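Colleague: Got a sequence here, can you model it:
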Amino acid sequence: MASRSQEAVHQAVEATRGSQSLVETITAMERNARQYQALGDPALFELCTRGWDALEADLGEVVRRTMAVKIAIIEADPRVAFSLWLGDLTDRSTAPEFDLAQATLSLCEKPWHPVRGNHDLLGGLYEQHFGPLSYVFRHEGWVFIMLDSNGGTQTLIDEARMAWLREQIATIDPAAPIVLCCHHPLLLGGVVPVAGAPEILALFAGHNLRAVLAGHLHLNQEHTVNGVLHTVTNCLATNRGNLDHDPRRGYRLFHCADGQITTQFVPVREIAAE
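Modeller: This is a model prediction of the structure:
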């Protein structure tokens with residue numbers, strides 16, 4: 001008998017089977033819109049406008065179904081204790097997008113922990129939907145610092161957030177393994193520090209920083225620098241590609257045991273670059 005997680009995967013996949021008809025509808029409407037531009041037909045323009053308004057809700061449902069498949073796959077992995085969502089939960093930081101992101105992530109039965117990305121900045125909507133911008137949680141002796149990296153003008157974070165980070169680190173047992181999670185990577189290519197990164201890393205002197213996890217770049221990278229693992233993970237979205245044209249979409253699995261951390265990338269699907 002299939003497990004509950006396996007059933008969830010099958011149900012989510014089945015729910016996406018109607019997507020092709022929606023794609024065909026979108027294609028036809030785009031073709032009509034191009035004809036309007038060429039022919040200047042007001043009636044056709046009005047038809048397309050009404051159609052797009054009606055289609056917006058359907059597009060949101062397709063996104064929800066697509067993400068439901070990916071979440072079900074992650075949830076079905078018995079090695080996953082919780083998930084980290086490292087920013088860009090939306091594309092344009094609109095209220096409907098945040099509503100959709102919140103509803104979709106609520107499908108996770110295992111604990112999940114987000115941070116804000118540079119696509120999630122407008123109107124205080126992230127805070128309304130997901131709570132504090134920066135926070136700390138613990139799991140089996142490991143300390144996870146979820147740091148919002150969108151606060152500075154010349155550096156990744158401003159002085160107020162640096163002060164918050166300094167205060168949090170001061171409360172942590174120096175021997176406890178720490179994982180720092182933020183949207184922006186601190187070291188580009190594992191070599192070049194972004195503005196403010198050396199100051200952030202210096203705060204961990206005398207503590208047991210084991211890893212810095214990030215997104216943003218749409219790349220799959222792993223580097224160990226001064227004993228600290230730095231990772232960036234491929235894009236999970238279907239409407240955006242990876243910087244190096246890697247067709248794989250997926251998630252990164254971290255194994256934390258005996259004070260050590262290792263990682264592997266787990267592909268979910270492939271989307272060929274256009």
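Colleague: what's near enough to touch L121?
Modeller: 93, 150 (C-beta atoms under 8 Å, 6 or more residues apart in numbering). For glycine as for every other residue, the C-beta is placed from the backbone atoms N, C-alpha and C.
Colleague: Could you do C108 as well?
Modeller: Contacts of C108 were listed using C-beta under 8 Å, 6+ apart, and they are 71, 74-75, 83.
Colleague: Need the three-state assignment for it.
Modeller: Secondary structure of C108, reduced to three states by DSSP: H, G, I helix; E, B strand; the rest coil: coil.
Colleague: neighbours around I261, how many?
Modeller: I261 has 18 neighbouring residues, counting by other C-beta atoms under 10 Å.
Colleague: cool, the one 10 residues further on as well?
Modeller: Neighbour count of I271, defined by other C-beta under 10 Å: 16.
Colleague: Just to check, it is in contact with G241?
Modeller: Yes: I271 is within contact range of G241, at 7.4 Å (criterion: C-beta atoms under 8 Å).
Colleague: what is L229 paired to in the beta sheet?
Modeller: According to DSSP bridges, the residues that bridge with L229 are A211, T224.
Colleague: Near it, how many other residues are there?
Modeller: When neighbours are counted by other C-beta under 10 Å, L229 registers 20.
Colleague: quick revisit: closest one of the contacts of C108 to F204?
Modeller: Within the contacts of C108, proximity to F204 (C-beta to C-beta) peaks at S83, which comes in at 24.0 Å.
Colleague: Burial check on that closest one, number of neighbours?
Modeller: 17.
Colleague: if I pick it, what's in contact with it?
Modeller: For S83, the contact set (C-beta under 8 Å, 6+ apart) comprises 74, 108, 110-113, 251.
Colleague: Narrow those residues to those that are buried.
Modeller: With burial judged by 16 or more other C-beta atoms under 10 Å, the buried subset of the contacts of S83 is 74, 108, 112-113, 251.
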